[in-house]
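Novice: Curious how this folds, go ahead:
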Amino acid sequence: MFRRPAVAGAFYPADARPLHDMIQGFLSGATAAGNPPKAIIAPHAGYVYSGPIAANAYALVAPNRGTIRRVVLMGPSHRVGFKGIAATQADAYTTPLGDIPIDRAAIEKILPLPFVGYLDQAHAQEHSLEVHLPFLQEILGEFQLVPLVAGNATPEQVAAVLDLLWGGPETLLVISSDLSHYHDYATAQRLDQAASQAIENLDWAALDHESACGRVPVSGLLYSARCRGMRARTVDLRNSGDTAGGKDRVVGYGAYVFE
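Specialist: Residues are numbered from 1 along each chain as shown. So this is what the prediction gives:
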């Protein structure tokens, strides 16, 4: 069973060549500097809005091509309400750039957790995972994917999943989230700066429903990162008013790396 693209042609180009060209353009314009991170948080809007911000995180991952062989990708559920973490029974996720095999052994490893289960409906139309895949294919080439959709879950539950899948240099963790939604430009800047400070402080308790649509998976990563003594760093912080939209009603986008 293959999970087919749901937002190709809407959030990003549906054809391989223009999709490749767009992502490479974003990556060539990235300005972030630093070492390859263990984990990133990156946004999941349409590429014209959040692609340049996501590229600043992915450009730092790119030097680990050939080392990273597995990506644990977790994003929030926008369409299906449920408790816990949703895995998929699909054998691969498909994008215009090709198929990405699912790491079934990794999924089997977390299924014994009582708050993890199969729920393919949560994956079918969910864009928060899908928009990251072409970026990952461009920078990593071949890899296996562990796609997980977060419903209503605690930071401790998300952290328990991440800890089981943490691995070593062969595993990259990607958390998908946008920041504030539909405020005016100045209000969004204030809210997104506060959210970024909370992320850098690994202070998941300071995040609320106004901070980020991916607050659940973000909080779990912050919980794990604090337990492991990691450091979080903001590598980009903008909103749709800075990229492709007006400034009266914007969505915030941040890119963060964990080292």
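Novice: Relative to Gly66, how far out is the residue positioned nearest the centre of the chain?
Specialist: Nearest to the mean C-alpha position of the chain, by CA atoms, centre = their mean, lies Ser176 at 2.3 Å. Ser176 is 24 Å from Gly66, where distance means CB to CB, to the nearest Å. C-beta here means a position set from N, CA and C on the backbone, and glycine is covered the same way.
Novice: and if you look at Asn35?
Specialist: 16 Å.
Novice: Equivalent analysis for Glu108, please.
Specialist: 26 Å.
Novice: again, but for Arg79
Specialist: Noted for Arg79: a distance of 35 Å to Gly66, by CB to CB.
Novice: higher neighbour count, these two?
Specialist: Arg79 (14 against 9; other CB atoms under 10 Å).
Novice: Mind telling me what element that one is part of?
Specialist: Element membership for Arg79, per DSSP states H and E: none, as it lies in no helix or strand.
Novice: check contacts around Lys247.
Specialist: Applying CB atoms under 8 Å, 6 or more residues apart in numbering, we find Lys247 in contact with Asp184, Tyr185, Gly241.
Novice: Neighbours of the first one, how many?
Specialist: Each residue near Asp184 was counted by other CB under 10 Å, and the total is 13.
Novice: For it, which non-adjacent residue is spatially closest?
Specialist: Asp248 (5.8 Å; CB to CB, 6 or more residues apart in numbering).
Novice: What is the neighbour count of Arg69?
Specialist: By the measure other CB under 10 Å, the count of residues near Arg69 is 16.
Novice: Distance check, the closest residue in space to it that isn't next to it in sequence against Phe258.
Specialist: Of all residues not flanking Arg69 in the chain, Glu170 sits nearest, at 4.6 Å (CB to CB, 6+ apart). Counting by CB to CB, the gap from Glu170 to Phe258 is 16 Å.
Novice: Next: Thr234.
Specialist: Thr234 is 11 Å from Phe258, by CB to CB.
Novice: try Gly51
Specialist: From Gly51 to Phe258 the distance is 21 Å (CB to CB).
Novice: more neighbours, those two?
Specialist: Gly51 (27 against 21).
Novice: element containing that one, please.
Specialist: Secondary structure (DSSP H and E) places Gly51 in helix 47-61.
Novice: Partner strands of the helix or strand harbouring Val257, with direction?
Specialist: Take DSSP H and E as the rule and Val257 turns out to sit in strand 250-258. Using DSSP bridges, strand 250-258 pairs in its sheet with strand 39-42 (antiparallel), strand 181-183 (antiparallel), strand 232-239 (antiparallel).
Novice: Of those, which is nearest Gln157?
Specialist: Smallest distance to Gln157 across the strands paired with strand 250-258 (CB to CB): 17.3 Å, for strand 39-42.
Novice: Can you give me the buried ones in the closest one?
Specialist: Buried residues in strand 39-42, counting neighbours by 16 or more other CB atoms under 10 Å, are found at Ala39, Ile40, Ile41, Ala42.
Novice: Would you mind extracting the C-alpha trace of it into CSV?
Specialist: Output in CSV follows, covering the C-alpha atoms of strand 39-42 (Å, rounded to 0.1, in the frame of the first residue of the first chain):
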residue,chain,number,x,y,z
ALA,A,39,16.8,17.2,15.1
ILE,A,40,15.0,20.1,13.5
ILE,A,41,11.7,21.9,13.7
ALA,A,42,10.5,23.2,10.3
